[in-house]
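Asker: Show me how the following folds:
(chains A and B)
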Amino acid sequence: AQKITQTQPGMFVQEKEAVTLDCTYDTSDQSYGLFWYKQPSSGEMIFLIYQGSYDEQNATEGRYSLNFQKARKSANLVISASQLGDSAMYFCAMREGYYGGSQGNLIFGKGTKLSVKP
Amino acid sequence: ETGVTQTPRHLVMGMTNKKSLKCEQHLGHNAMYWYKQSAKKPLELMFVYSLEERVENNSVPSRFSPECPNSSHLFLHLHTLQPEDSALYLCASSQDGWGYTFGSGTRLTVV
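Answerer: Below is the predicted model of the structure:
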């Protein structure tokens, strides 16, 4: 069964506007971590933000925030004030087990391609 | 150098060739990973090494052979590959599953 679902293959957003990228996950663990990565055309995976399953506050990192709704098993990424450089693939990922379990393997979704229009 | 470095960035090889991908991490991490990223598919975990010992192999064909000589270096030896093995191969490292850091990847084309 797919553990990370990203239902938006592609998204467009106007420069300076906010955009939400969807992510739902499936796990039976009580302890897990959720990640968002950005992958520009160069290929590297850039870490954006992390949310632990026991964190009560939604994570924020600059223009990135994670809308964590535990009961719905969703972890949407919100990018505020979009910039042209935000155009990239965005991946949601989950690590089961607080201490990483099996060496902290990450399970990824299929990604969302975000295009920022000037 | 800092972070995770992968070489080469691009590789084209024939189906009968033997080549190796190299990954080096300068973060002092104790775990290293190989991921495969094919078009329109999620990243697939191939191999995990912890403290230089292989701890997971997700049913990867034997034409892919990993090697981890020390905690800073990871190789992926390739032989008799198929065209469907063409993909972006990403290396990553972590400290017990924390601080996951990826390299820029090797884009492999099998002809």
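
Asker: Flag the shaky bits of chain B, pLDDT-wise.
Answerer: B:1-2, B:56, B:58 (pLDDT under 70).

Asker: in stretch B:73-83, what's buried?
Answerer: B:Leu74, B:Phe75, B:Leu76, B:Leu78, B:Leu81 (16 or more other Cβ atoms under 10 Å in any protein chain shown). Any C-beta I mention is one placed from the backbone N, CA and C, and that applies to glycine too.

Asker: Distance to chain A for these - can I get that in TSV?
Answerer: Shown next, in TSV, are those (distance: Cβ to the nearest Cβ, whole Å):
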residue	distance to chain A
B:Leu74	13
B:Phe75	18
B:Leu76	16
B:Leu78	18
B:Leu81	19
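
Asker: which of these lies closest to A:Val78?
Answerer: Distance to A:Val78 across the buried residues of stretch B:73-83 (Cβ to Cβ) is lowest for B:Leu74, with 34.7 Å.

Asker: Surely that closest one and B:Ala31 touch.
Answerer: No: using Cβ atoms under 8 Å, B:Leu74 is not in contact with B:Ala31; the gap is 10.1 Å.

Asker: B:Ser20 reaches B:Leu74, doesn't it?
Answerer: No: if you go by Cβ under 8 Å, B:Ser20 and B:Leu74 don't touch, sitting 10.6 Å apart.

Asker: overlap in contacts of B:Leu74 and B:Ala31?
Answerer: Residues touching both B:Leu74 and B:Ala31 (Cβ atoms under 8 Å, 6 or more residues apart in numbering or on different chains) are B:Tyr49.

Asker: show me what contacts the residue lying closest to A:Gly43 once chain neighbours are set aside?
Answerer: Excluding its sequence neighbours, the residue lying closest to A:Gly43 (Cβ to Cβ, 6 or more residues apart in numbering or on different chains) is B:Gly105, at 4.1 Å. Shown in contact with B:Gly105 (Cβ under 8 Å, 6+ apart): A:Gly43, A:Glu44, B:Gln6, B:Arg9, B:Gln37, B:Leu88, B:Tyr89, B:Leu90, B:Cys91.

Asker: Now B:Gly105. Its backbone dihedrals?
Answerer: In terms of degrees, to the nearest 10, the main-chain angles of B:Gly105 are phi 90, psi 160.

Asker: OK, now which residue of chain B is nearest to chain A?
Answerer: Chain A sits closest to B:Gly97 of chain B, with a gap of 1.7 Å, by Cβ to the nearest Cβ.

Asker: where's the residue nearest to the spatial centre of chain B relative to B:Ser72, distance?
Answerer: Centroid-nearest residue in chain B, with Cα atoms, centre = their mean: B:Trp34, separated by 3.4 Å. For B:Trp34, the distance to B:Ser72 equals 15 Å [Cβ to Cβ, to the nearest Å].

Asker: Around chain A, pick out the residues from chain B.
Answerer: Proximity of chain B to chain A, by Cβ under 8 Å from any Cβ of the partner chain, involves residues B:31, B:33, B:40-43, B:45, B:48, B:50, B:55-56, B:88, B:90, B:92, B:94, B:96-98, B:100-105, B:107.

Asker: Strands of chain B, start to end?
Answerer: B:4-7, B:10-13, B:18-25, B:31-37, B:44-50, B:53-57, B:64-70, B:73-79, B:87-95, B:98-102, B:106-110 (DSSP state E).

Asker: That concludes my questions; thank you for your assistance.
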